[in-house]
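A.B. asks: Here you go, sequence then predicted model.
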Amino acid sequence: MSRKKHERGKLIIKGNETQKERVGDTYLSGADTFSEDELKSAEALLKDLSSLRKGFPKEEKKQLGNQLNQSIQNYQRKRRWSQLGIAASILLIIGFAATFQMEQLSDFRTYVEDITPVEESASTRLFLSGAQEIVIDSEESKIEYTTAGDQVKIDATQSVDQQLTDKKMAFNTVVVPYGKRTMLRLSDSSRVWLNSGSRLVYPARFESDKREVYLEGEAVFEVSHNAAHPFHVITQNLEVKVLGTVFNLTAYPDEQITQTVLESGSVELQFDGDELWGKSKTVIEPGTLAVYDLESKLMEQKQVNTKCYTSWREGFLFVEHLALKDILKKVARYYNADIRIAESALEEETFSGYLDLRSSVGQVLEVIAEFMEIKVKEENEQIIISRI
């Protein structure tokens, strides 16, 4: 026998805890909350069914069962709409939050969203606010800002004044072509070594509560410590947050992965992962290589010798068991050379050692050839690597 009781506007139908009470083709179990009208209607129907269980005409019993079924279905439909309403409300809140976040973008991020590609050039170029462009012909250039950010020294031979106002931030850009490198000292004394084929966008001086720069390509960052103003490096697919540290970041637009190698300190990486809302985050420790795959949205980490990723800023390339195809990609970018491996089987063969990047590209490749038993041939302005 089942029994019912009232509890603060609820109708609770109880029976054996391992069974369900069947009414028509609908089952009730546990506790559900009904409206006041539904409560009264269901109670009346249950009372009639209880008193007339015996000898109740079959047709009328079916009719009452159908009425109760309809009542239950109406309730379930309302509950579904209620759940959909809650879900819609959550999505609406998320939408408002996303809109609010977009509206709260810093001036720098708004500026970065609107940047466009620049025409290729054989020289390094510095673009100052106000559309002023400075061409730098040296292979290893140096750009240094004063603390106020209003004066820029280039290769210790040229000095440029930049008009800054307190009302509007001034954003500068350095574009480094293949075959060139640049060391940049920002107004906060942080230093950035930009590798070949890179672009860095940054404020002439940092005026907000956090320091933000945008990178395409590869760079080693040596960030000056300032706990009150964390340093953020933004790329197309990854963001690095740091207080003071040394790390290498590789984010070339034509590559499927973004790499971060931490030499010292601690950084937090923010990326599109598997979070329902917002960015996924992970903190890496010194000696860690974090590789983010743009397609799978996965981040993988492993311990490495950081010299393999930062030594290029000192004029040499140190590699450990690195595939030939990856070595030649680095060399080709560094020297702006067209290098091709003639046989696919050679691509995965590895090499370890030091390569002096102050030598010519031919000399660097001859060092590799000596240890790997390969030959280097130049043909129609292309360098071809093949077996001996």
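C.D. replies: On my side now, so go ahead.

A.B. asks: ok so residue 384 is a helix residue?
C.D. replies: No. Counting by DSSP: H, G, I helix; E, B strand; the rest coil, residue 384 is not part of a helix but strand.

A.B. asks: That one contacts residue 365, doesn't it?
C.D. replies: No. Here residue 384 does not reach residue 365: they are 10.5 Å apart, not a contact under CB atoms under 8 Å. The way it works is simple: take the backbone N, C-alpha and C, and place the C-beta from them, glycine included.

A.B. asks: list residues touching both of the two?
C.D. replies: Taking CB atoms under 8 Å, 6 or more residues apart in numbering as the contact rule, residue 384 and residue 365 both touch residue 376.

A.B. asks: quick one, which of those two is more surrounded?
C.D. replies: The neighbour comparison of residue 384 against residue 365 (other CB atoms under 10 Å) goes to residue 365, with 24 against 15.

A.B. asks: Send over stretch 321-331 as PDB, restricted to the C-alpha atoms.
C.D. replies: Output in PDB follows, covering the C-alpha atoms of stretch 321-331 (Å, rounded to 0.1, in the frame of the first residue of the first chain):
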ATOM      1  CA  HIS A 321      69.500  14.900 -30.600                       C
ATOM      2  CA  LEU A 322      67.400  17.300 -32.800                       C
ATOM      3  CA  ALA A 323      66.000  16.100 -36.100                       C
ATOM      4  CA  LEU A 324      67.800  17.500 -39.200                       C
ATOM      5  CA  LYS A 325      64.600  19.000 -40.600                       C
ATOM      6  CA  ASP A 326      64.100  21.000 -37.400                       C
ATOM      7  CA  ILE A 327      67.800  22.200 -37.300                       C
ATOM      8  CA  LEU A 328      67.600  23.300 -40.900                       C
ATOM      9  CA  LYS A 329      64.400  25.200 -40.300                       C
ATOM     10  CA  LYS A 330      66.100  27.200 -37.600                       C
ATOM     11  CA  VAL A 331      69.200  27.800 -39.800                       C
END
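
A.B. asks: And the helices in this structure, which stretches?
C.D. replies: Counting by DSSP state H, one finds helices in the chain at the ranges 36-51, 58-103, 107-113, 307-310, 324-335, 361-372.

A.B. asks: tell me, which of these is the model least confident about?
C.D. replies: Note on these: helix 58-103 shows the lowest mean pLDDT, a mean of 54.

A.B. asks: Who are the contact partners of the spatially most central residue of the chain?
C.D. replies: With distances taken as CA atoms, centre = their mean, the residue of the chain nearest its centroid is residue 271 (2.4 Å). Contacts for residue 271 were tallied using CB under 8 Å, 6+ apart; they are 237-239, 279-281, 292, 297, 299.

A.B. asks: just checking, which of the residues you listed belong to strands?
C.D. replies: If you go by DSSP state E, the contacts of residue 271 have 238-239, 280-281, 292, 299 in strands.
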